[in-house]
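In: quick one, what's the 3D model for this:
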Amino acid sequence: MVPSRFIGHQKNFSRSPSRQLGMTLVELLIVIAIIGLLGSLMAPAATKALDRARAQEEFIVLDRTVRSLALRAFMEGREVTIEGRGASLIWTVGAEPPTDMQLTHLFFDPAQRVAINSSGYADANVLGVLHAGRRREIELNGWVDER
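Out: Predicted coordinates:
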């Protein structure tokens with residue numbers, strides 16, 4: 001039950017007719033400036049994360065390409081030669097002309113050459129690449145040793 005002293009005393013919560021709903025131009029400009037400032041602060045972090053993601057994707061593609069070449073050497077009974085120089089991976093299967101793959105985020109330093117015999121076994125255990133000064137390695141004979 002409502003006490004009697006509050007009956008009949010209601011506040012008028014409606015806005016005055018002179019005050020319109022919405023934002024003023026100054027308020028809108030301040031909101032836009034804050035959003036722009038937050039965007040400019042977040043852009044470098046987002047760009048760095050996107051670059052790392054693209055490098056990871058390229059590393060996965062490189063890893064699968066090298067492993068598929070080893071499997072191809074085994075399946076076809078032909079030797080495969082893989083050469084990593086700078087930002088390109090060049091491979092030759094048997095007497096076929098060489099094929100290359102250009103890399104944008106990964107780099108072979110130093111240049112490396114790996115021969116995979118007709119059994120699918122590579123003469124080197126790893127193929128190393130660099131991304132932003134960080135060395136990453138692809139294990140070449142891991143699939144042969146797993147039984």
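
In: for the host helix or strand of I138, the averaged confidence score.
Out: Per DSSP states H and E: I138 is located in strand 134-139. On average, the pLDDT along strand 134-139 is 91.

In: buried set for that strand?
Out: R136, I138 (16 or more other Cβ atoms under 10 Å). No exception for glycine: its C-beta is placed from N, CA and C like everyone else's.

In: what strands flank that strand, and is each parallel or antiparallel?
Out: strand 126-131 (antiparallel) (DSSP bridges).

In: how far off centre is the strand it pairs with?
Out: 17 Å (Cα atoms, centre = their mean, to the nearest Å).

In: what helices or strands is the longest helix seen in the chain leaning on?
Out: Across the chain, the helix with the greatest residue count (assigned by DSSP state H) is helix 25-76. Contacts defined by 3 or more Cβ pairs under 8 Å, 6 or more residues apart in numbering; DSSP states H and E place helix 25-76 against strand 80-86, strand 88-93, strand 108-116, strand 126-131, strand 134-139, helix 142-145.

In: export those to CSV and append columns for distance to L29.
Out: Formatted as CSV, these follow (distance: least, Cβ to Cβ, whole Å):
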stretch, distance to L29
strand 80-86, 50
strand 88-93, 50
strand 108-116, 50
strand 126-131, 42
strand 134-139, 44
helix 142-145, 59
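
In: closest to A70 out of the ones you listed?
Out: Checking the helices and strands packed on helix 25-76 against A70 by Cβ to Cβ gives strand 108-116 as the closest, at 5.1 Å.

In: what sits against I34?
Out: I34 makes contact with no residue, according to Cβ atoms under 8 Å, 6 or more residues apart in numbering.

In: tell me the pLDDT of it.
Out: Reported pLDDT for I34: 95.

In: mind checking how far it is from G22?
Out: Separation of I34 from G22 (Cβ to Cβ, to the nearest Å) stands at 18 Å.

In: quick one: closest of the helices and strands packed on helix 25-76 to A55.
Out: Judging the helices and strands packed on helix 25-76 by Cβ to Cβ, what sits closest to A55 is strand 126-131, at 4.7 Å.

In: mind checking the pLDDT average for that closest one?
Out: 91.

In: ok, stretch 98-115 next?
Out: Rounded mean pLDDT across stretch 98-115 is 93.
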